[in-house]
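Visitor: Build me a model:
(chains A and B)
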Amino acid sequence: MTSLNSLLCGGLQGYILVALLLFLIGLGAVLVRRSILLQFMGVELMLNAANVALLAFARFRGGDPQGTVFYLFIIAVAACEAAVGLALVVGLYRHRQSTDTDRADALKQ
Amino acid sequence: MLKIAWLIPILPLLGAAFHGLLGRRLGKAAVTAVALGCTLVPLVLSAFALAAVQAAPGRRIDLPYFEWMAAGSLHVPFGLVLDSLSSVMALVVTGIGTLIHLYSVGYMWEEEGYARYFCYLNLFVFFMLTLVLGSSLPLLFVGWEGVGLCSYLLIGYYFDTEVASAAGLKAFLFNRVGDLGMTMGMMALFAAFGTLTVGDLLVQAGRLGPEAGFGVLSFATLMMFVGATGKSAQIPLYLWLPDAMAGPTPVSALIHAATMVTAGIYLICRLAPLFLLAPITLTVVAWVGGATALFAACIGLFQRDIKKVLAYSTVSQLGYMFLGLGSAGFAAGFLHLFTHAWFKALLFLGAGSVIRAMHHEQDLFRMGGLRAKLPVTFWTMAIATLCIMGFPGTSGFFSKDEILFLAWHKSPGLYAMGLLGAACTAFYMWRLMALAFWGEPRDAHAFEHAEESPATMTAPLAILAAGALLAGLLGLPRIWGGSFAIEGWLEPALTYGRPLLAPAAEHGGAGLAWGLMALSTAVALAAGFLGWRIYRRGPAAEEAFEGRFPALYRTLARKFYVDEAVEACILGPVRWGGNCLWKAFDVILIDGVGVNLPGALTRAGGDLAALAQTGRVRNYALSMAIGAVLLLWFFLR
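Guide: Just a heads-up that it's a prediction; the model follows:
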């Protein structure tokens, strides 16, 4: 029961578990959904799972600024990445009149 | 004069270059002038060279120019040698060459490739003179191969006809077999003596005792003789010469009768002291020569093509020359070469004149009665026929009788072969004359339009006829009050390097000589008269003969089926083997296993790998995730 206790009372394991769940949910979205928009959201979730893990470890190590700074950097980069990604989504839609990634398979030839 | 002796071979080479590069542009007149000039000047120079040789000590002038090859112990100088043998031969080549160039002007005037023809012809004269005058065996070999090349080019002169190009190829391939022997002979001589310069070779061989002949010397001379059989069309390599008649007729006269085919005889004369040391080789030479003389004469009996008759006659006469050489009568063999050059060139040129008058008809059975239409051709050819049959007093009489006389002393069997061959020769020559010039014209249309050839063609005929009559005086036998002058003249060359050589044993008495002479003359005259008598009225008698002895007639007319046998026994299997190699080795192994199989494997592998490439981003993401999990498992386990 100690593990469950520490899990519920703010131990490291709880945060890591949340991060893992977030990551898997994101991965599932990327692998299962065919809409590029939803896949993109899955990618964002996976990214944020990493952020959660980073902050949890930073806190666990007694407020290590390295982890905090890293997290801020990732947020900034993710913002840029979101802009580029959304532009690609718009581009794909203009090109194909659809956001279905399974139909965007021209590289196969 | 000796300072410009190198011009003798070089001028025809320059002429060939001129014709080849500029001939077409400058027109026929310029080509004619240069071609004649480039043989006439060497002719004059050769005459001066002959005079210089006579004055020189030992009748020999060496003209080394520079070192051609030097590798290890091999030193080959590039030089000319003028001695009693080569200067006479050079005179024959340039003299007959000039006459035939002159004749060709008339004969080839209408042809498209006039400049090309004279380019080849001048090139031939250059190579022939290189062969004759070269001071070392490699230089002689250059000329030897060069005349082979020109022969190939000129046989295939009408290259747009299948027959001519096939005949050229045949000549080339047969000569290759002989050339292999020649190169092996040269290697053996180099291994034995360490030099390939003819003079040094003979000097070194002269120091050997008579027992040396049974080893390397026999091998080397035999190999040289193999080379000679190729070039001079002896059994078994004679098959190319009759086919070579596909070339223009003056070419047959110059190359395939008077000069190139005698290169084998010249080679043996050049190396006469070596051959004298190898009695086994001499015996082989004699028997091969005798067999060829008889065999080819038999084939000549029933040929219908006028040039084929003359071609087999040439093979047969070359056989006589080898018979003479093999009987140790080098001077006699060379004398026959000399006289044969005159009368056989004359016969070919006369045949060319007949063929031209008959609008390129070569079938004797379609000629007839041309005596009145072509008087000059008729009379000159009649003289040549008398010479070749050995009519007393003509040149062929002296040279052939000398050979038969020597053959008698070598072996009576050889004499019998020569005698029978002489009978056949007289028969087929008078058959040819009777069919062409006597009887009724069998092709009325061609006969009506037949005209005597222009002066450029008849003048060489007349000059050659005079030469054919008189050439024998060089070898007036002793019993006729002469001194067999050519033997004395050639002696320094034929015995070079062997000052101690015993003088040739005196053969028999005058009575024997008279007897043999009378016998061969009687046989030849009888056979000749018979040939003339039978065919005077046309070919009907031959058809009757064919009806009575069909097997014999067909065997002779089909040349003893030798061509067919070669096709079946050599060419067929070779072709079959080549076919097998092509289909089994080339198609299956090289193309299949070597080239196409790796290609097919790569392609199949690519196709297989392409299945994984679906183009769907979800699949790629999944494999990426699986990969990541596998990596994690690998690092964290």
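
Visitor: can we go C-alpha only for contacts and neighbour counts from here?
Guide: OK.

Visitor: can you point me to the longest helix in chain A?
Guide: helix A:65-96 (DSSP state H).

Visitor: Using neighbour counts, pick out the buried residues of it.
Guide: A:67-68, A:71, A:74, A:78, A:82, A:85, A:89, A:92 (16 or more other CA atoms under 10 Å in any protein chain shown).

Visitor: Now render these as a markdown table, adding distance to B:Ala444.
Guide: Output for these, formatted as a markdown table (distance: CA to CA, whole Å):
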| residue | distance to B:Ala444 |
| --- | --- |
| A:Gly67 | 121 |
| A:Thr68 | 123 |
| A:Tyr71 | 118 |
| A:Ile74 | 114 |
| A:Ala78 | 111 |
| A:Ala82 | 108 |
| A:Gly85 | 103 |
| A:Val89 | 100 |
| A:Leu92 | 95 |
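
Visitor: Quick one: those residues as CSV, columns for distance to B:Ala621 and pLDDT too.
Guide: Putting the buried residues of helix A:65-96 into CSV (distance: CA to CA, whole Å; pLDDT from 0 to 100) gives the following:
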residue, distance to B:Ala621, pLDDT
A:Gly67, 28, 88
A:Thr68, 29, 89
A:Tyr71, 25, 91
A:Ile74, 21, 92
A:Ala78, 19, 91
A:Ala82, 18, 91
A:Gly85, 16, 91
A:Val89, 17, 90
A:Leu92, 18, 88
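
Visitor: Let's have these in JSON lines, adding distance to chain B.
Guide: Below are the buried residues of helix A:65-96 laid out as JSON lines (distance: CA to the nearest CA, whole Å):
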{"residue": "A:Gly67", "distance to chain B": "22"}
{"residue": "A:Thr68", "distance to chain B": "25"}
{"residue": "A:Tyr71", "distance to chain B": "22"}
{"residue": "A:Ile74", "distance to chain B": "21"}
{"residue": "A:Ala78", "distance to chain B": "19"}
{"residue": "A:Ala82", "distance to chain B": "18"}
{"residue": "A:Gly85", "distance to chain B": "14"}
{"residue": "A:Val89", "distance to chain B": "14"}
{"residue": "A:Leu92", "distance to chain B": "13"}
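
Visitor: Can you give me every residue that contacts the closest residue to B:Arg59 other than its chain neighbours?
Guide: Nearest residue to B:Arg59, sequence neighbours excluded (CA to CA, 6 or more residues apart in numbering or on different chains): B:Val53, at 5.0 Å. Each residue near B:Val53 by CA atoms under 8 Å, 6 or more residues apart in numbering or on different chains is listed here: B:59-61, B:82-84, B:87.

Visitor: if we go to 10 Å?
Guide: B:2, B:47, B:59-61, B:82-88 (CA atoms under 10 Å, 6 or more residues apart in numbering or on different chains).

Visitor: ok, of these, which one's closest to chain A?
Guide: Using CA to the nearest CA, B:Ser86 comes nearest to chain A of the contacts of B:Val53, at 80.3 Å.

Visitor: Could you name the specific helix or strand carrying the closest one?
Guide: helix B:84-107 (DSSP states H and E).

Visitor: what is the rounded mean pLDDT of that helix?
Guide: Across helix B:84-107, pLDDT averages out at 92.

Visitor: where in chain A is pLDDT low?
Guide: A:1-10, A:109 (pLDDT under 70).

Visitor: A:Gly67 versus the residue positioned nearest the centre of it, what's the distance?
Guide: Chain A has A:Met46 as the residue nearest its centroid, 2.1 Å off, counting by CA atoms, centre = their mean. A:Met46 is 17 Å from A:Gly67, where distance means CA to CA, to the nearest Å.

Visitor: Quick one: the strands in the stretch 1-150 of chain B, in order.
Guide: B:60-71, B:74-83 (DSSP state E, counting those that start in this stretch).

Visitor: Highest mean neighbour count out of those strands?
Guide: Of all the strands of the stretch 1-150 of chain B, strand B:74-83 has the most neighbours on average by mean count of other CA atoms under 10 Å in any protein chain shown, namely a mean of 20.

Visitor: which helices and strands sit right next to that strand?
Guide: Secondary-structure packing of strand B:74-83 (3 or more CA pairs under 10 Å, 6 or more residues apart in numbering or on different chains; DSSP states H and E): helix B:7-55, strand B:60-71, helix B:84-107, helix B:114-133, helix B:137-155, helix B:485-494.

Visitor: Can you check what angle separates that strand from helix B:7-55?
Guide: 60 degrees (axes from the mean of the first three to the mean of the last three CA atoms, to 10 degrees).

Visitor: what angle do strand B:74-83 and strand B:60-71 make?
Guide: Using the same axes, to 10 degrees: strand B:74-83 against strand B:60-71 is 160 degrees.

Visitor: B:Leu13 is in contact with B:Phe124, isn't it?
Guide: Yes - B:Leu13 lies in contact with B:Phe124 (CA atoms under 10 Å); the separation is 8.6 Å.

Visitor: neighbour-wise, which of those two wins?
Guide: B:Phe124 (28 against 22; other CA atoms under 10 Å in any protein chain shown).

Visitor: Who are the contact partners of that one?
Guide: B:12-13, B:16, B:97, B:118, B:130, B:143, B:146-151, B:153-154, B:254-255, B:260.

Visitor: Would you mark the buried spots in stretch B:161-168?
Guide: Buried, per 16+ other CA under 10 Å, within stretch B:161-168: B:163-168.

Visitor: Could you look up the SS state of the residue most central in space within chain B?
Guide: Central residue of chain B (CA atoms, centre = their mean): B:Val261, 2.4 Å from the mean position. Three-state call for B:Val261 (DSSP: H, G, I helix; E, B strand; the rest coil): helix.

Visitor: orientation of the helix holding B:Ser86 relative to helix B:114-133 in degrees?
Guide: Going by the same axes, to 10 degrees, helix B:84-107 makes 170 degrees with helix B:114-133.

Visitor: Relative to B:Gly324, how far out is the residue nearest to B:Arg59?
Guide: Here the criterion is CA to CA. By it, B:Val53 lies 25 Å from B:Gly324.

Visitor: coming back round to it: nearest to B:Ala297, of the strands of the stretch 1-150 of chain B?
Guide: strand B:74-83 (33.9 Å; CA to CA).

Visitor: Just want the angle from the closest one to helix B:137-155.
Guide: 70 degrees.

Visitor: The helix or strand A:Ala58 falls within vs chain B: in contact?
Guide: Taking DSSP H and E as the criterion, A:Ala58 maps to helix A:36-60. Yes - counting by CA under 10 Å from any CA of the partner chain, chain B has neighbours in helix A:36-60: A:36, A:39.

Visitor: Isn't B:Ile155 up against B:Ala167?
Guide: Yes - at 6.8 Å, B:Ile155 counts as touching B:Ala167 under the criterion of CA under 10 Å.

Visitor: Quick one: classify the residue of chain B found nearest chain A as helix, strand or coil.
Guide: Relative to chain A, the nearest point of chain B is B:Gly615 (4.2 Å; CA to the nearest CA). Secondary structure for B:Gly615, judged by three-state DSSP, is coil.

Visitor: residue contacts, B:Leu335?
Guide: So B:Leu335 contacts B:321, B:324, B:329, B:341, B:395-396, B:398-400, B:402-403, B:471-472, B:474-475, B:484, B:486-487 (CA under 10 Å, 6+ apart).

Visitor: so what's the residue nearest to the centre of chain A closest to, chain neighbours aside?
Guide: A:Phe23 (4.4 Å).

Visitor: For the strand or helix carrying B:Pro460, buried residues please.
Guide: Here B:Pro460 sits within helix B:455-470, counting by DSSP H and E. Of all the residues in helix B:455-470, those buried under the rule 16+ other CA under 10 Å are B:456-462, B:464-470.
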